[in-house]
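Chemist: Pasted the sequence and its predicted model underneath.
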Amino acid sequence: MLTKLNLSCVMNSNQLDMSEFDLPLATVSMEHTVREMMSCGLSSDEYAAREAHLILCFSLDQYRYRDVVLQAWIHSLGAILSQKTGAPNLNDLRAKFLTAEEIQEIQESEREFEEMLLMESIEDPTN
């Protein structure tokens, strides 16, 4: 049964770049990871708004998936995270989906992470 989230992903799947058909096939493990990410029922837009600050490295969008819903969702998330032309802006998505308090918490978390990186680079200037 298609949920609202799944239907939205399927409807947007016709916007996929033709080059996506040339991508390597995702492993079963990767598909499981994407299903876990989708299990909260959020659209890729809302997922990015809520979780992007926790994602340091992302490559799941560099694969094609057997399930068109998985592919549309993860490729949409990848477009947002990599700020591809035409993808929604992360700050706009946060304003749309999050409360002011949630945005403030994310900004604080990002500041703390940047400070930690700065401190590490000062302690070890060879990096």
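Modeler: Everything's here; your move.
Chemist: Phi and psi next, for residue 98.
Modeler: phi -110, psi 160 (degrees, to the nearest 10).
Chemist: dump the residue contacts of it.
Modeler: Listed by Cβ atoms under 8 Å, 6 or more residues apart in numbering, the contact set of residue 98 reads 49-50, 106. In this view, the C-beta of every residue, glycine as well, is placed from N, C-alpha and C.
Chemist: can you do 6 Å?
Modeler: Shown in contact with residue 98 (Cβ atoms under 6 Å, 6 or more residues apart in numbering): residue 49.
Chemist: So residue 32 versus residue 119, what's the distance?
Modeler: 36 Å (Cβ to Cβ, to the nearest Å).
Chemist: Kindly report the same for residue 27.
Modeler: 37 Å.
Chemist: what's the weakest-modelled helix or strand in this protein?
Modeler: Here the helix or strand of the chain ranked lowest by mean pLDDT, DSSP states H and E is helix 4-12, holding a mean of 39.
Chemist: where exactly do the helices run in this protein?
Modeler: In order along the chain, the chain carries the following helices (DSSP state H): 4-12, 28-38, 44-51, 68-81, 90-97, 100-123.
Chemist: wait, which of the ones you listed is closest to residue 22?
Modeler: Residue 22 lies closest to helix 68-81 among these, at 13.2 Å (Cβ to Cβ).
Chemist: what's the neighbour count on residue 63?
Modeler: 20 (other Cβ atoms under 10 Å).
Chemist: Touching, it and residue 27? I think so.
Modeler: No. Contact criterion Cβ atoms under 6 Å: residue 63 and residue 27 do not qualify, at 8.1 Å.
Chemist: Measure how buried the closest residue to residue 106 other than its chain neighbours is and give me the count.
Modeler: Excluding its sequence neighbours, the residue lying closest to residue 106 (Cβ to Cβ, 6 or more residues apart in numbering) is residue 53, at 5.0 Å. Counted by other Cβ under 10 Å, the residues lying close to residue 53 total 16.
Chemist: Equivalent analysis for residue 33, please.
Modeler: 15.
Chemist: what about the nearest residue to it once chain neighbours are set aside, neighbour count?
Modeler: Of all residues not flanking residue 33 in the chain, residue 60 sits nearest, at 6.8 Å (Cβ to Cβ, 6+ apart). Other residues near residue 60 come to 19 when the count uses other Cβ under 10 Å.
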